[in-house]
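Enquirer: build the 3D model from these lines:
(2 chains)
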Amino acid sequence: MSTPTRTARRSGLRSGEAASGWLFTAPMIILLGMFLVIPVLMALWVSFSDWNGRGSPFGGTVSFVGLDNYSALVGGGGLAEQDFGTALRNNAWYVLLVVPTQTMLSLLLAVLVNRQILRGRGFFRTAFYFPSVTSSVAITVLWLFLFSASGAVNKLLAFIGINGPNWFNDPSGVLHNFLGLFGVETGPAALTGNTFLGISFWEWLAGPSVAMSAFILMAVFTTSGTFMLLFIAALQNLSGDVVEAAMMDGANGWQRFWRVTLPQLRPTLFTVLTLGLIGAWQVFDQIYTGTQGGPGKTTLTPAYLSYQAAFTNQAWGQGAAIAFILFVIIVAFTLFQRWLLAERQVSERRMRPYLQNPTSGGSK
Amino acid sequence: MSTTTRTRERTVSPSRRLRALSREKLPNRAVAGKSLLYAILIVLAMIYIAPFLIQVATSFKTDGDAASNPMSLLPQTWSTAAYERLFLNSDFPVWFQNSAIVTVFVTLGRVFFNSLAGYALARLHFRGRNVIFALLIAVMSVPGVVLLIPKFLVINQLGIYDTYVAMIVPLLTDAAGVFIMKNFFESIPASVEEQARIDGAGTFRVFWSIVLPMARPALVTIIILSFQGSWNELSHFIVATQSPELTTLTKGVASLASGQLSQGTQYPLKLAAAAIMTIPVAVMFFIFQKRIMNTTDGAVKE
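Expert: Got it, this is the predicted structure:
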């Protein structure tokens, strides 16, 4: 490409590129604009309006109500606030338990099946990955059966002498149940007396309900395979040199994993945590298929509540407001976690041993 | 890059073996460690597989058998009643057909539109390209669940609610897929297309008959992702349709599950439905297994 001038280049090889560029991207721009950008803007308007689902949201009967829909959710003191608080509580516990568990399990699976000398690697990988390809509806149906009162899971628990709960019909929080073992039935007044988003602090600390725990197990079961593949890909891209150098220095397998392998996996770890967080805040399919928020609203999630508010109760403004708050939560969590895992400089204290005897590496 | 590492590994390995010996690593201990590894893996694999085996077994049981022996992998009496009912006395075939129609159109659409846009963003020079790409990244970060109400609003406004158009058209392209294609096109050398261009082929011709055939690996990825994505999609169909004739498998099976939850019966029927809806994605998975797990098997071959 040694075209002398710009104009020559334009009229020659690259003639008409601008036109084809726009033509080629036009379907994508139209489709994404029409079904993603415009809808979001429309919903933003609806979240500031009192539209009740009848007629067009831009019709004359619909009026602007400012932040009413939002304030009803975060400070209205009514049922809307209480439901929203409950949904946030449920989903927060879900995230808190699902994200670390699926990350650790998928890393463990990846390390186990990534051995160079392992018979049946393909079989194990397939087994661990298979749940990831099935639809959330199909898995939920299966889960409802496995975790029914006299289902397979409770039969299994009975083998080891545990009387299993009635999973999907049990609204009690697992932390409350645990405290109940020590005779703690009600919390201190400081916790029961004060509320946040219409829910007392004691209720915030209930932990996931038994029903939600079954969904938590399901999420770990279905997502660990996908993330395992990401970790395997990362493990295979690592250069063996560093691990070998550590080996020569006498680091045992445990130390090699924590001090050498894991730090190199940081980018993948970041991806897995981000995807996990984003996914875990969007629990919808399972709730729609399985429990519709019950028992006792303990499997209600913001995503499902948003759907329910709009499509069932015709409170469209409120439904849209919930969706936007959820959006903000997801973005905030992603940013926070990005900040938390950002590459930082090694502190001086931790660097000291290496600075004092620079020859100890000995690999050069 | 990986080949160089491997050769280095090979040259080092004798010394490593020596070292291992000198550290008095007893063979017994190694054997014990290995058995433990296999034991852990087998137990884990059983946990991952057992639910599906139970699912298939239960779908061939009678209702009573399923309730009293939820764990057994062999039905007391083999019964295909669940399947007969699904296929002969329910809307199940309609659901299946709708899912198939949507999946085929969405997959074809994404293969075409994603690669078209990906190619333009990777290769064609035009004003506004960077803006489009930045918007694409922004769009990618919008969580899908947030779009439930917005999608309904626009579908309703366009007057296409409860039609195949509403089910298919909004899914015809996806930002992530465009991103994958763009990355792929950037990774292949431009010289071939430049040559064709000098020979006078038009942009679309170059794209269609030269670039697209070279993009097969990325296209397979798009096919896998969009097939799985549209076959397993639920929320979009909930907000786009309501009539029974347009119900997809996900929506239908979900109604099956929630409608009769309180009974606790009919598990064989529900599990049979769930099993059948898993078959197409499972077949897809086994066909493209190598490709899906390509990071794995490529490195094993020595």
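
Enquirer: could you use CA atoms for every contact and neighbour count after this?
Expert: OK.

Enquirer: which residues touch B:I180?
Expert: Taking C-alpha atoms under 8 Å, 6 or more residues apart in numbering or on different chains as the definition of contact, the neighbours of B:I180 are B:G118, B:A218.

Enquirer: tell me which element it is part of?
Expert: helix B:175-187 (DSSP states H and E).

Enquirer: what about the longest helix anywhere in chain A, distance to the chain center?
Expert: Counting residues, the longest helix found in chain A (DSSP state H) is helix A:79-113. The gap between where helix A:79-113 is centred and where its chain is centred comes out at 7 Å by C-alpha atoms, centre = their mean, to the nearest Å.

Enquirer: kindly format the C-alpha coordinates of the helix or strand just after that helix as CSV.
Expert: Under the assignment DSSP H and E, the closest C-terminal helix or strand after helix A:79-113 is helix A:121-133. Provided in CSV are the C-alpha atoms of helix A:121-133 (Å, rounded to 0.1, in the frame of the first residue of the first chain):
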residue,chain,number,x,y,z
ARG,A,121,-9.6,-36.2,31.2
GLY,A,122,-12.1,-35.8,28.4
PHE,A,123,-14.7,-37.7,30.3
PHE,A,124,-14.3,-35.7,33.4
ARG,A,125,-14.4,-32.4,31.5
THR,A,126,-17.5,-33.4,29.7
ALA,A,127,-19.2,-34.5,32.9
PHE,A,128,-18.4,-31.2,34.7
TYR,A,129,-19.3,-29.0,31.7
PHE,A,130,-22.5,-30.7,30.6
PRO,A,131,-24.8,-29.0,33.1
SER,A,132,-23.8,-25.7,31.6
VAL,A,133,-25.3,-26.4,28.2
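
Enquirer: how about A:V62, what does it touch?
Expert: Residues near A:V62 by C-alpha under 8 Å, 6+ apart: A:S49, A:D50, A:W51.

Enquirer: what's the burial count for residue 119?
Expert: As the question left the chain open, I've gone with chain A. The local packing of A:R119 (other C-alpha atoms under 10 Å in any protein chain shown) involves 11 other residues.

Enquirer: actually, chain B is the one I wanted.
Expert: When neighbours are defined as other C-alpha under 10 Å, B:Y119 has 24 of them.

Enquirer: buried set for the helix or strand containing it?
Expert: In the assignment (DSSP H and E), B:Y119 maps to helix B:92-123. Neighbour-count burial for helix B:92-123 flags B:92, B:94-96, B:98-100, B:102-122 (criterion: 16 or more other C-alpha atoms under 10 Å in any protein chain shown).

Enquirer: and stretch B:165-185, by the same measure?
Expert: Neighbour counts using 16+ other C-alpha under 10 Å place B:166-168, B:170-185 of stretch B:165-185 among the buried residues.

Enquirer: quote the end-to-end distance of it.
Expert: The distance separating the two terminal residues of stretch B:165-185, taken as C-alpha to C-alpha, to the nearest Å, comes to 30 Å.

Enquirer: quick one: mean pLDDT for it?
Expert: Summarised as a single mean, pLDDT over stretch B:165-185 is 91.

Enquirer: what of stretch B:292-302?
Expert: Regarding stretch B:292-302, the rounded mean pLDDT is 45.

Enquirer: which SS class is the residue most central in space within chain B?
Expert: By C-alpha atoms, centre = their mean, chain B has its centre lying nearest to B:Q228, at 3.4 Å. Counting by DSSP: H, G, I helix; E, B strand; the rest coil, the backbone at B:Q228 sits in helix.

Enquirer: ok, now how distant is it from chain A?
Expert: Using C-alpha to the nearest C-alpha, to the nearest Å, we find B:Q228 at a distance of 7 Å from chain A.
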